[in-house]
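Peer 1: Give me a 3D structure for the following:
(4 chains)
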Protein chains: 2
Amino acid sequence: MSTADRLIDATSELLWERGYTGTSPKAIQRLAGAGQGSMYHHFAGKQDLALAAIRRTAEQMRSAAEADLAGPGTAVERIERYLLRERDALRGCPVGRLTQDPDIVASAELRAPVDELFDWLRARLTSVVEQGRAAGEFEASLDPAAVGAAVAAAVQGGYVLARAAGSAEPFEQAVRGAVSLIRAARS
Amino acid sequence: MSTADRLIDATSELLWERGYTGTSPKAIQRLAGAGQGSMYHHFAGKQDLALAAIRRTAEQMRSAAEADLAGPGTAVERIERYLLRERDALRGCPVGRLTQDPDIVASAELRAPVDELFDWLRARLTSVVEQGRAAGEFEASLDPAAVGAAVAAAVQGGYVLARAAGSAEPFEQAVRGAVSLIRAARS
DNA sequence: GTCTATACCCCGATAGAC
DNA sequence: GTCTATCGGGGTATAGAC
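Peer 2: Numbers count the residues shown, from 1 in each chain, chains lettered A, B, ... in the order given. Predicted coordinates for the structure are as follows:
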């Protein structure tokens, strides 16, 4: 594995755990086993490295969600598969986490991949709900975009509740609650 | 207004905007218009000041939620009032935000008020759902704790989506989606 | 490509004068 | 109560040798 790859790995890990503001070049170098000069040879600086790490992580999340949502089954089944996928509730979402970082939100460049991921996710969930509605699974009055956003929010909000509690339990409750409400909306 | 109060105000503001890790004593002093010596006279340090600020903010959030949930109306109406209350989606939740701060989660003392607020909120929402179920508003099969957690998560997750998008729109969609799903669960 | 040296500023806190 | 001085350390980056 190349030094550049190890630097990106280390940065992803630290961004997840400590956020952008809380992650220093020195910490990245230590975790990657790379020296100061090495890091600044491969990347222009902290922001450049973070951008590479965020892009890669966002792409991985997109793939994971797509695997749940594009698989076999009815719309309700696919949404349930997305909601009930096993997640490390206490670690939180490696991309959603970044929305709380002032330096990420303040930088158009750093926010872009985060924006694109959640934009895609809401649209993808919305399309599944639309398919379900077209197939007669859901009440016709349901707003697909609103339900899509609510499903994405259940997961992201579940992480917040779990981290506040120091326990995975509230996350599990939130996604189970979302599942039961989705089921209740079937026609 | 006393210097101590201005310091707490400034700290609350900065914790909301920049989090614990991103907030420095110097920035607090500047915003409060207080000197170094003044701050360390009134508070033992950054953590002590943050604790006072977080406790106060959590209490304000609790009051606001209680006002929505204890008011008149059916269970469904009260939950809708909570979900649809006007919020500054792009600023996010001043308490929920702290769950992404590694130093907050790592400190039992700093996490305690955050934990207590969300613990209370989930329990309060759960009790409203229970009341609704007892009154025949909801299907009897609904799990109150799960639905309560899902409602809290819709708001917290809505903030994440809004900040990712740089727009309040996804937040509004998420809470509207939650409302429509709650309505669909009526018996 | 990687190393060490250096720079400049901020962090969080303490000390002691006033 | 508030001020200034001071401290040891880290943040983020550049320079130039190897």
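Peer 1: and stretch A:133-153, is it in reach of chain B?
Peer 2: Yes. Judged by CB under 8 Å from any CB of the partner chain, stretch A:133-153 comes into contact with chain B at A:139, A:141-143, A:145-153. To be clear about C-beta, it is placed using only N, CA and C from the backbone, and glycine gets the same treatment.
Peer 1: Now do the same for the residue of chain A most remote from its centre: helix, strand or coil?
Peer 2: Distance to the chain centre peaks in chain A at A:Gly37, reaching 32.0 Å (criterion: CA atoms, centre = their mean). Secondary structure assignment for A:Gly37 (DSSP: H, G, I helix; E, B strand; the rest coil): helix.
Peer 1: likewise A:Ala27?
Peer 2: helix.
Peer 1: re earlier: so who does the residue farthest from the centre of chain A touch?
Peer 2: The contact partners of A:Gly37, by CB atoms under 8 Å, 6 or more residues apart in numbering or on different chains, come to none.
Peer 1: measure it to A:Gly45 for me?
Peer 2: 13 Å (CB to CB, to the nearest Å).
Peer 1: Over to A:Val105?
Peer 2: 19 Å.
Peer 1: Next: A:Ala162.
Peer 2: On the measure of CB to CB, A:Ala162 and A:Gly45 end up 33 Å apart.
Peer 1: how near is the residue farthest from the centre of chain A to A:Thr23?
Peer 2: 19 Å.
Peer 1: Kindly report the same for A:Lys46.
Peer 2: A:Lys46 sits 8 Å away from A:Thr23, going by CB to CB.
Peer 1: So for those two, which sits in the more crowded spot?
Peer 2: In this view A:Lys46 and A:Thr23 are compared by other CB atoms under 10 Å in any protein chain shown, and A:Thr23 has more residues nearby, 25 against 17.
Peer 1: Now do the SS call for the more buried one.
Peer 2: Strictly by three-state DSSP, A:Thr23 counts as coil.
Peer 1: The single longest helix found in chain A packs against which elements?
Peer 2: Ranked by residue count and defined by DSSP state H, the top helix of chain A is helix A:108-134. The contact analysis (3 or more CB pairs under 8 Å, 6 or more residues apart in numbering or on different chains; DSSP states H and E) places helix A:108-134 against helix A:46-70, helix A:75-84, helix A:102-106, helix A:144-165, helix B:144-165, helix B:169-184.
Peer 1: Compare the ones you listed and report which one is nearest to DNA strand D.
Peer 2: helix A:46-70 (3.6 Å; CB to the nearest atom of the strand).
Peer 1: Flag every buried residue along the closest one.
Peer 2: A:46, A:49-58, A:61-62, A:65, A:68-69 (16 or more other CB atoms under 10 Å in any protein chain shown).
Peer 1: Could you measure from the residue lying closest to A:Ser38 once chain neighbours are set aside over to A:Gln47?
Peer 2: In this structure, A:Ser38 finds its nearest non-sequential neighbour in A:Thr3, 5.7 Å apart by CB to CB, 6 or more residues apart in numbering or on different chains. Distance, A:Thr3 to A:Gln47, by CB to CB: 19 Å.
Peer 1: Which residues of chain A lie near DNA strand C?
Peer 2: Neighbours of DNA strand C within chain A, by CB under 7 Å from any atom of the strand: A:3, A:34-38, A:40-42.
Peer 1: switch the cut-off to 6 Å
Peer 2: For chain A, the contact set with DNA strand C under CB under 6 Å from any atom of the strand comprises A:3, A:34-38, A:41.
Peer 1: ok, back up a step: close enough to count as contact, the residue nearest to A:Ser38 and A:Ala34?
Peer 2: Yes. Applying CB atoms under 8 Å, one finds A:Thr3 in contact with A:Ala34, separated by 5.4 Å.
Peer 1: between those two, what contacts are shared?
Peer 2: If you check A:Thr3 and A:Ala34 against CB under 8 Å, 6+ apart, no residue is contacted by both.
Peer 1: Those two: which is more packed in?
Peer 2: A:Ala34 (18 against 15).
Peer 1: Please list the outside residues in contact with stretch A:72-81.
Peer 2: Contacts of stretch A:72-81 (CB under 8 Å, 6+ apart): A:68-71, A:125, A:128-129, A:131-133, A:135, A:137-138, A:151, A:179, A:182-183, A:186.
Peer 1: rerun that using 7 Å as the cut-off
Peer 2: A:68-69, A:71, A:128-129, A:131-132, A:135, A:137, A:151, A:179, A:182-183, A:186 (CB atoms under 7 Å, 6 or more residues apart in numbering or on different chains).
Peer 1: Show me which of these are buried.
Peer 2: Buried among the contacts of stretch A:72-81 (16+ other CB under 10 Å): A:68-69, A:128-129, A:132, A:137, A:151, A:179, A:182-183.
Peer 1: thinking again about what came up before, need the max-distance pair from the residues of chain A next to DNA strand C.
Peer 2: Within these, A:Thr3 and A:Gln36 form the most distant pair, 12.5 Å apart (CB to CB).
Peer 1: ok so, going back, what would the buried ones among the contacts of stretch A:72-81 look like in CSV with distance to A:Tyr82 and pLDDT?
Peer 2: Below are these laid out as CSV (distance: CB to CB, whole Å; pLDDT from 0 to 100):
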residue, distance to A:Tyr82, pLDDT
A:Asp68, 4, 98
A:Leu69, 6, 98
A:Val128, 8, 98
A:Val129, 11, 98
A:Gly132, 13, 98
A:Glu137, 15, 98
A:Val151, 7, 99
A:Val179, 10, 98
A:Ile182, 11, 98
A:Arg183, 14, 98
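Peer 1: Done for today, thanks.
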